[in-house]
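Asker: Need coordinates for the below:
(chains A and B)
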Amino acid sequence: MSQELYTQLALAIIDGDEELAVSLTDQALALGLNPLDIINQGLTAGMDEVSGRFSCGEFFLPHLVMAGNAMKAALTRLEPALKAGGMVRESLGTVVLGTVAGDIHEIGKSLVATMLMANGFSVHDLGVDVPASQFVQAVRDTGADLLGLSALLTTTMSAQRKVIEELAEAGLRDRVKVMVGGAPVSAQWAQQIEADGYAEDAVGAVALARRLVGAAGD
Amino acid sequence: MTAMRPTLKLLDDALVERIIAGGFELLQDPGVKVHNRQGLALLADAGADVDLATGVAHIPSRLVEQSLRAAPSSFALYAADGTLAVRYAEDHVHFDPGSSAVNILDAGTGQHRRPTTADYVRYAQLTQVLPAYDAISTAFVCSDVVEGIGDLYRLYLSLLYSTKPVVTGAFGIDTLHVMVDLLVAEAGSLEALAARPRAVFDVCPSPPLLWSDLACQNLIDLARYAIPAQLVSMPLAGSTAPVTLVGALVQHTAESMSGVTIHQLANPGAPLVWGGAPAITDMRFGSTPMGAIETAMIDAAYAQVGQRLGLPTHAYLGSTDGKVIDAQAGFESGMSMLVGALAGINMISGAGMLDFLRAQSLEKLVVDAEIILMVKRLLRGVDSPDQDLGISLIRLVGHHGQFLGQKHTRDWFAHQQHIPSAVMDRGSLMAWQTSGAQDTAARARDRVRGLLASYQPRPLPGEVRRALRQITQRAARQFGMEHLPPLPEGAD
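Answerer: So this is what the prediction gives:
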């Protein structure tokens, strides 16, 4: 019975059906199913399928983002139960990311967030125009393994450097790997501001993230 | 809510009429020279003033007009399974590879060399699996068979490896009948073939205003078989026709009208196409560039004349005069196919061709397929699937700028956008570098390999396969070739 529900949940994720994913998650909770099983056998199973179909060119960005949104909504529903049970989601690593202060570009950053989530990372998306102090605080609070900083303007690139400097001042720099991205950003720039890596697009960001956390397969 | 169809017209109505009037005038004086007894007899019997000593026929306008009226305004070509695949009608636009090359660009060595049976099989398989091509053409002549069967051997291989309609042509008077035999062997009977023709045959008048014995006899025989004929008049502006584009157009009109007349006299109502392969003459080299913009202009303009006369149309576009798959190949092929499609030409032949139609290239075929699919997308125009043009959606998303996660995006992107193959590079710089920093030609080589691996043999009954082989073998023996080249494993 529960297996059938997990399958339906996975299918809802594959279809990018946010409403259905949420209502099935609620059903599963009402049945007293383990939140971690709901995630692993339902949500993640669906997301893995989406991710696989995207890699082989059968799915496209809209499928990926819709599935990501459905998964995010379902995870939000599960959070209280996870907390209450003192459970922690299995993941490749915890990522904090956002677009830096003064910059309100969202799409690239959100795509990276979705892709990372789709590939097994636990993602905290801080949104856009995020002050350096907020990044530092989030890294501290979540114990993040990775910090992603997006900047789409040449004028806001320097804010990436500022975040890295503030991380160092807070004594957190060694605890977290920093990856940077955005149209004007380059590998050279990443080196210059002593970030740990640079990726050109969302697909590249996943490969980079996996490498930085030492995940197998890269 | 249907989209406006984008079109290109180079002539105003008055000029179209003047060009047509010019065609009529030329057919009276100086008339058309016909090196064919049956053709002259048809014309003379119908009232043309024929000088048997010179072979010149002066054709009165009423005879031409009568023939133009008799010619059908549309017909269709059918795939091997009998499904309608090509509409020579209205503004339907189709593409097929260029035909009759003598060389192939060898992707391995980069050399232009004589092609063989193995090359042709690969070509036919590739064209079969590329959806951009609505028809296969008998693209090149195989050097490993006797010259006498060069034309029919291409058709034989095309029928074995492809189910698409065939754009072809005969190099001899007798071999046309063998080619018809091949088509009949597959169709079951001549009646079945004529009812659902699978092939159209190019027939080429010689500029200026001349019909060779071969071309004229092919034209008459095709009419009598009621198998579609495609008139391929090829005035070369500046060498075998006036250098003015309009002068070349008048000559094209006259040559094509004479073809319509002979054809319709032989069998009124038989299907035929107002086609061509004109070019300008490059005054530096004496070459006849197929990729020149003026060449494309002559094509688009004569198509307008053909459309005005109520006939299906064809043109030779999509070729390059360059020798490799480079920027020139891309932009000449792209520009000319775009011009032809916007002109509403029913069959645009020429993809894959390099070097003034002398060489075919499998790699160029996959590149040109990308162009074709983009051009076909353009022809679909800008439609309005949402009643409110998307206003409510834009309101719903608000200032968040996130349309990627909208169901609307997922539901419509594949309809609104043509998604290219991996021949096109739209990834990031880093992705390009890590995947080997390939250029278009290298990516095309990869795609050719991948597509050939995906080819599925066509189901063809053993007795049909044997009949096709016997007909071809018999023809080869007549030209002194005892054994046909072996076919790749599993095909004979």
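
Asker: Might you report the residue contacts of A:Gln8?
Answerer: A:20, A:24, A:42 (C-beta atoms under 8 Å, 6 or more residues apart in numbering or on different chains). Placement of C-beta: from N, CA and C, glycine included.

Asker: Give me the subset of the residues you listed that lies in helices.
Answerer: A:20, A:24 (DSSP state H).

Asker: got the contacts of A:Gln8 as CSV, with pLDDT, distance to B:Val464 and neighbour count columns?
Answerer: Shown next, in CSV, are these (pLDDT from 0 to 100; distance: C-beta to C-beta, whole Å; neighbours: other C-beta atoms under 10 Å in any protein chain shown):
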residue, pLDDT, distance to B:Val464, neighbour count
A:Leu20, 98, 52, 17
A:Leu24, 97, 55, 24
A:Gly42, 95, 54, 29
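
Asker: Next, work out how far apart B:Asp12 and chain A are.
Answerer: From B:Asp12 across to chain A, the span is 45 Å (C-beta to the nearest C-beta, to the nearest Å).

Asker: just checking, A:Leu82 touches A:Thr76?
Answerer: No - assessed by C-beta atoms under 8 Å, A:Leu82 is found out of contact with A:Thr76, at 10.7 Å.

Asker: Can you pick out the residue with more neighbours from the two?
Answerer: Regarding A:Leu82 and A:Thr76, a neighbour count based on other C-beta atoms under 10 Å in any protein chain shown identifies A:Leu82 as having more, with 17 against 11.

Asker: can you list the residues of chain A near chain B?
Answerer: A:16, A:60-63, A:65-66, A:68-69, A:106-107, A:110-111, A:199-201, A:203-204 (C-beta under 8 Å from any C-beta of the partner chain).

Asker: Show the buried residues in the residues you listed.
Answerer: A:16, A:60-63, A:65-66, A:68-69, A:106-107, A:110-111, A:199-201, A:203-204 (16 or more other C-beta atoms under 10 Å in any protein chain shown).

Asker: now the strand or helix carrying A:Ile164: mean pLDDT?
Answerer: Secondary structure assigned from DSSP states H and E places A:Ile164 in helix A:157-169. Mean pLDDT, helix A:157-169: 96.

Asker: Buried ones in it, by neighbour count?
Answerer: Buried-residue list, helix A:157-169, by 16+ other C-beta under 10 Å: A:157, A:159-164, A:166-167.

Asker: residue at max distance from the center of chain B?
Answerer: The centre of chain B is farthest from one residue, B:His399, which by C-alpha atoms, centre = their mean lies 49.7 Å away.

Asker: And it, its phi and psi?
Answerer: Here is the backbone geometry of B:His399 (degrees, to the nearest 10): phi -100, psi 10.

Asker: Quickly note the distance from it to chain A.
Answerer: 9 Å.

Asker: Then B:Ala431?
Answerer: 7 Å.

Asker: Which residue ranges make up the domains of chain A?
Answerer: Following automatic domain parsing, chain A resolves into domains at A:2-84, A:93-212.

Asker: which of those domains is buried the deepest?
Answerer: Comparing those on average neighbours per residue, with mean count of other C-beta atoms under 10 Å in any protein chain shown, the densest one is domain A:93-212 at a mean of 20.

Asker: Might you calculate how far that domain sits from the centre of the chain?
Answerer: How far domain A:93-212 lies from its chain's middle: 11 Å, per C-alpha atoms, centre = their mean, to the nearest Å.

Asker: Equivalent analysis for stretch B:105-125, please.
Answerer: 20 Å.

Asker: what's the answer for stretch B:418-430, then?
Answerer: Remark: stretch B:418-430 is offset 28 Å from the chain centroid, using C-alpha atoms, centre = their mean.

Asker: Quick check: end-to-end length of it?
Answerer: Using C-alpha to C-alpha, to the nearest Å, one end of stretch B:418-430 lies 24 Å from the other.

Asker: same check, this time on stretch B:238-254
Answerer: Stretch B:238-254 end-to-end distance (C-alpha to C-alpha) = 17 Å.

Asker: what's the answer for stretch B:82-102, then?
Answerer: 31 Å.

Asker: Give the helix, strand or coil label for the closest residue to A:Thr155 other than its chain neighbours.
Answerer: Closest residue to A:Thr155 apart from its sequence neighbours, by C-beta to C-beta, 6 or more residues apart in numbering or on different chains: A:Gly102 at 7.1 Å. Classification of A:Gly102 using DSSP: H, G, I helix; E, B strand; the rest coil returns coil.

Asker: my read: A:Gly102 touches A:Thr156, true?
Answerer: Yes - using C-beta under 8 Å, A:Gly102 is in contact with A:Thr156, at 4.7 Å.

Asker: buried set for the least confident helix or strand in chain B by mean pLDDT?
Answerer: Within chain B, no helix or strand scores below helix B:429-434, which has a mean of 87 by mean pLDDT, DSSP states H and E. Within helix B:429-434, the residues that count as buried by 16+ other C-beta under 10 Å are B:430, B:432.

Asker: Off-centre distance for it?
Answerer: Taking C-alpha atoms, centre = their mean, the mean C-alpha location of helix B:429-434 is offset from the chain mean by 37 Å.

Asker: Mind checking the pLDDT average for the top helix by length along chain B?
Answerer: Ranked by residue count under DSSP H, the longest helix found in chain B is helix B:245-266. Taken as a whole, helix B:245-266 has a mean pLDDT of 98.

Asker: Can you name the element that comes right after that helix?
Answerer: Toward the C-terminus, helix B:245-266 is succeeded by strand B:272-276 as the next helix or strand (DSSP H and E).

Asker: for the record, mean pLDDT for that next one?
Answerer: In the prediction, strand B:272-276 has an average pLDDT of 98.

Asker: same for it, what does it pack against?
Answerer: Where contact means 3 or more C-beta pairs under 8 Å, 6 or more residues apart in numbering or on different chains; DSSP states H and E, strand B:272-276 is packed against strand B:229-233, helix B:245-266, helix B:293-308, strand B:314-316.

Asker: where in chain B is pLDDT low?
Answerer: Residue ranges of chain B with pLDDT under 70: B:1, B:489-492.

Asker: If we use 50, what do you get?
Answerer: B:491-492 (pLDDT under 50).
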